[in-house]
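# Sequence first, predicted coordinates after that:
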Amino acid sequence: MDFVSPVLDIASRICNCVGDRADHLRRLPQNLKSLRTETEKLNNVYKDVKERVESEENLEKKKRTHVVDGWIGRAEAMEKEVNELLDRCDEENQKKCFGTCCPRNCRASYKLAKMVREKMDAVAELQSEGSNFQEVAVPLPSPHVIERPLEKPVGLDSPFREAWGLLQDEQVGSIGIYGMGGVGKTTLLKKINNKFLQSSIKAFDIVIWVVVSRPTNLERVQETIRSRLQIPDDRWKGSEEDDKAAEICRILKTKKFVLLLDDIWEPLDLLRVGIPPLGDGNQSKIVFTTRSADVCGGMAAQKSIKVECLEEKEALSLFQAKVGEDTLNSHPDIPKLAEMVAKECKGLPLALIVIARATASAKTPEEWEINLQKLRLYPKDVAGTENDLFSVLAFSYDSLPDEATKSCFLYCSLFPEDYQIPSKHLIQLWIGEGFLDEYDDIQEARNQGGKIIQMLKHACLLEGKKKNKFVVKDGVGLISAQEVQKWKDAQRIALWNETYIVEPRESPRFPNTETIIGRMKRFMFPSGFFTNMSVIRVLDFSNIELRRLPAEIGNLATLQYLNLSGTRIEYLPMELKNLKKLRFLMLDRLSLVGPLPNQMVSSLSSLQLFSMKFSLSRFPIDEIMLLEELEQLEHINDISIKLKSIQSIQRLFESHKLRRSTTFLQLEGGWGMNQLQLVSPSCIKELVLEECDELEEVKIIHFEKQVVPSKFPNPPCCFNHLLSVRIIACNKLLNLNWLIHAPKLQYLSIARSEIIEKVIEDERIEGSEIESDLSVFSRLICLTLRYLPKLESIYEHPLPFPSLRQIYVFGCRSLKKLPFDSNICMSKKLEKIEGQQEWWDGLEWNDQTLMHNLTPFFQPIRSL
C-alpha cells in the first residue's frame, strides 16, 4: 500500500488544477462585466488627463511630461487590447456545445478567462496611475533669443557694425552704448538682439533682455532674468535677494550668455543681481545702454560706443518718411520748408519723428513757416546736450491744441517709465480728473480721449514742463510716516509695485491732493487715511490685494472717481452712499461676501458710470432692486452688469433708460430661460452668455415687433453698438442667426457648446441675394471657436471679411470649410489662422487658389 499516498497526492493536484480552471471559467461572465466597467472608468480618467494636458499645452503654453505621454499611449493601447479580447470572448461564447453552456474547447476558454482576469488587474492599475497625476505638463523650454519689435533703423549701420564686431572679439566681455535721449540706443540694442535670431549664429546659449530704467529696481531685474532662465517657484518664492542672486549665478555659470541691459541710469551692481564675472574662458557678453559716459566707466565697460545723431541726409530721409508724400506734395514750397524744419531737429531721431508727426497735417506753406518760427525760438546753440531734446519736445508740447490735452499729457508722469498704460483706463482717469468736463456725454468724452491718445502716443519725456507737484513712488520699499507727512502739498500721488506705508502716529493730511493711484502688491490704509482729503477727485486702487475699505471713505465729499476692481474687498461700507459727487464707480472682478448696501447705488446722485463685470457674491444680489436703483439715477449713461434671471433681463429691457445706458451685459445661468429676447434699439457693446444651459434661441424685439433672424436680406440694424459677443457653454443654442443684426461686431468667441452646428444658418437664401448683404461680419476682427464638436459651418456663403485679422479654431472636428472664396476679395489685414494641424489638413477647398492664399497665415496648435 506504499504507492497509495503518491497516487492520492497526484489526484489531489489534478483536482486542484481542474478546480482552478473551472473557477476561472465559472467567473468569466462576471469578470467580463467587471472588465467592461473598469475599462469605462479608465476611459473617463483618460479623457480627464487629456483635457488637462490640452488645457495646459494650449492655454498655458506647456509641454506634456514624458510620464504622462507614455501613460496616454499605454491607455490607448490598453483600450485596443481590451476591445480585441472582448471580441474574442464573444466569438468563443458562440462556440458552446449544442444545448449546453459548456465550451467546446475548454483549454481555449480557460486561456481567455485567465487573460480577462489579468487584463482586469492591468486596467485597474493603469486607471489608478492616471488618477494620481499631480503634474501633467511642464513649461516649454525658453527660446535662446526672443525677437523684439523693431522698425527699420535709420543711421545705425556704423555703430551696429562696431558693436557686432566687438561681440565676436573674445577679448571683449562688456560693451557700453551711450548717447543722448532719443538718439536710438534702444533701437540699436534691439537690432543686436534680433541679429541672434539668424540660424547661422549659434555662438551663445541664451540672450537675455532686461529693461532697467529708473529708479533701479534690483528685484525687478532679477525677476526678469529668472523668467528667461525658467527658474522654478520652489527655488525662488520666498528667497532672499542673495539667494536669488546665487541661483541666477549657478545657472548662468553653465551657459554662454549675452545679457542686454537697456536704459541704465546709474551703475548696476551685477554681482548683487547674480551675474557671474566675465572671463575665465566662458566668453559670455554684457551689452548695456545709458545716457551717460560716466555710467560706462562705473559699469567697467571694456569698450564704449557713442551713438551720434543722424547725418543731415539720413535725418532728412527719416523726417520725410514720417511726414508722408501726401503732405510733401501738397505744395511746391513744402519740401524745402521740410528740409529747414528737419535741420532744426539736429539729427535727433526722436525729435525728427515727433516733429514730423506734429507737422504732417500742415498742408500750406504758411503753416510750415509758423512751425519753423516756433522751433527757432528755442535755444539751439549748445549742440549735443540734453537741452536740444527738451527744446524740441517742448515745441511738441506747446503745439498741443489746448490746456486739456496738455494736462492729459502731463498726467502720464504719474505712471513709471516703460509702464504700459491701458488706453481705456487712462481715458477714464482723465474724465475723473475733470480734464474732459466740456463733454457732458461719457461716450463723447471717451472719443475725445482717444483722439488725445493718438496725439500723445509718441510722448517720451515729461521733465522740464511739469507745472504741478506730483509724487511717484515705484518699488522704493517702506515709506516712513515722516515722508508721508511731507506729501501734504502733493497734487497727485502714485504708489507702485513694492511700496509700503509705515503706520503714522497721527492721521496724515492731504489738503491739496486730487488723485491717489495705488498699484502696490499689498496695501492697508493707515488709520485716518481719508480723514483730511478736502479736494480729492480720483481714487484708483484696482488690481491690488486690498481687503478692507474703511468707512471714513464716506467723508470724501469731492470724490468723483472710485475704482476697486480686482481687489479682495469682501464688504462695501454703507458710507459709500454719502459720495454725492461720485461719477465713476468700478467694482469689476470682486468676490463679495456681503450684499450691496441697501440704497447705496441710488444715493449716488451724480453717478454716470457703474460697472460690476465678472463679479461674484456669496450673498445673492437682488438684481431687480439694483436695476431699479440704477434707473433712479438722473445722470447714469454707462452700465456694466451681470444678471442671472429672466425677470432681471425683462426688467432691464422694459426700461428705456436702462436699455440706453447698458454697455456691457453678462447673462449667467438664466435658470428656466429657453428663449432670450433682446430688445432694440440697444447700446450694448459687449454681450456675454455663459452657462445658459436651457437657452435654445435668441430673438430680437424691435419696437415691440419681433424680427425673425433668418430672414434676409436687409435686416434692421438693431444692435449698431454691439462690438463683442462671447458665448460660453450654452449647450442648447443651435445657431447665432441674430448676429446679422450686429453689423459692427468686431469680436466673436464661441466655446464649449455640444450642439451648435452653424454659426449663422439660412438655407433659403440664394447666392445672388447674399451679394447684396455682404455687411454680415464686415467689421469682424477676431473669430474664436473652441470645443464645438458638431460645428459644420460659420456661414453658408462666402464672405469677404474685410476687417478680419485673427481666426482661432480648436476642438471643431466637424468644421470642414471656411467661408472664403477666391472670387471675393479677402481681408488684407489677415494676420493668422490658428488651429490643429489635422483640422487644417482635413479642410475641404472649393479651389486650390484659396488654399494657397490662406496657407501662409496658418499657425498650427499642437493636438493631443
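All right, it came through fine. As the structure is a prediction and not an experimental result, all values here were calculated from the model.

# In stretch 167-185, which residues are buried?
Residues of stretch 167-185 classed as buried by neighbour count (16 or more other CB atoms under 10 Å): 167, 173-185. The C-beta positions use only the backbone N, C-alpha and C, and glycine is treated the same way.

# Next: stretch 329-338.
Buried residues in stretch 329-338, counted by 16+ other CB under 10 Å: His331, Ile334, Leu337, Ala338.

# chain center to the helix or strand encompassing the last one: distance?
Right, the one you point to is Ala338. Assigned by DSSP states H and E, Ala338 falls within helix 334-344. Mean-position distance between helix 334-344 and its chain equals 42 Å (CA atoms, centre = their mean, to the nearest Å).

# what helices or strands is it leaning on?
Here helix 334-344 touches helix 312-323, helix 325-328, helix 349-359, helix 365-376, going by 3 or more CB pairs under 8 Å, 6 or more residues apart in numbering; DSSP states H and E.

# Between these, which one is closest to Ile684.
With CB to CB as the criterion, Ile684 lies closest to helix 349-359 of those, at 35.7 Å.

# Please compute how far the closest one lies from its chain's middle.
Per CA atoms, centre = their mean, the centroid offset for helix 349-359 relative to its chain is 31 Å.

# tell me which element Ser128 is part of?
Using DSSP H and E, Ser128 falls within helix 106-131.

# immediately after that helix, which helix or strand?
Assigned by DSSP H and E, the successor of helix 106-131 is strand 137-139.

# For that next one, give me every contacting residue.
Arg52, Val53, Glu56, Glu57, Glu60, Lys61, Lys62, Lys63, Arg64, Thr65, Val68, Gln230 (CB atoms under 8 Å, 6 or more residues apart in numbering).

# can you redo those as JSON lines with distance to Leu350, neighbour count and secondary structure?
Formatted as JSON lines, the contacts of strand 137-139 follow (distance: CB to CB, whole Å; neighbours: other CB atoms under 10 Å; DSSP: H, G, I helix; E, B strand; the rest coil):
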{"residue": "Arg52", "distance to Leu350": "49", "neighbour count": "16", "secondary structure": "helix"}
{"residue": "Val53", "distance to Leu350": "48", "neighbour count": "22", "secondary structure": "helix"}
{"residue": "Glu56", "distance to Leu350": "43", "neighbour count": "18", "secondary structure": "helix"}
{"residue": "Glu57", "distance to Leu350": "42", "neighbour count": "19", "secondary structure": "helix"}
{"residue": "Glu60", "distance to Leu350": "38", "neighbour count": "10", "secondary structure": "coil"}
{"residue": "Lys61", "distance to Leu350": "35", "neighbour count": "10", "secondary structure": "coil"}
{"residue": "Lys62", "distance to Leu350": "40", "neighbour count": "17", "secondary structure": "strand"}
{"residue": "Lys63", "distance to Leu350": "42", "neighbour count": "15", "secondary structure": "strand"}
{"residue": "Arg64", "distance to Leu350": "47", "neighbour count": "23", "secondary structure": "strand"}
{"residue": "Thr65", "distance to Leu350": "48", "neighbour count": "15", "secondary structure": "coil"}
{"residue": "Val68", "distance to Leu350": "51", "neighbour count": "19", "secondary structure": "helix"}
{"residue": "Gln230", "distance to Leu350": "35", "neighbour count": "12", "secondary structure": "coil"}
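
# Could you find the two of those residues that are most distant from each other?
The widest separation within the contacts of strand 137-139 (CB to CB) is 20.8 Å, between Arg52 and Gln230.

# Give me the secondary structure label for the nearest residue to Asn846 once chain neighbours are set aside.
Residue nearest to Asn846 in three dimensions, not counting chain neighbours: Asp821, with 6.8 Å by CB to CB, 6 or more residues apart in numbering. At Asp821 the chain is in coil, as set by DSSP: H, G, I helix; E, B strand; the rest coil.
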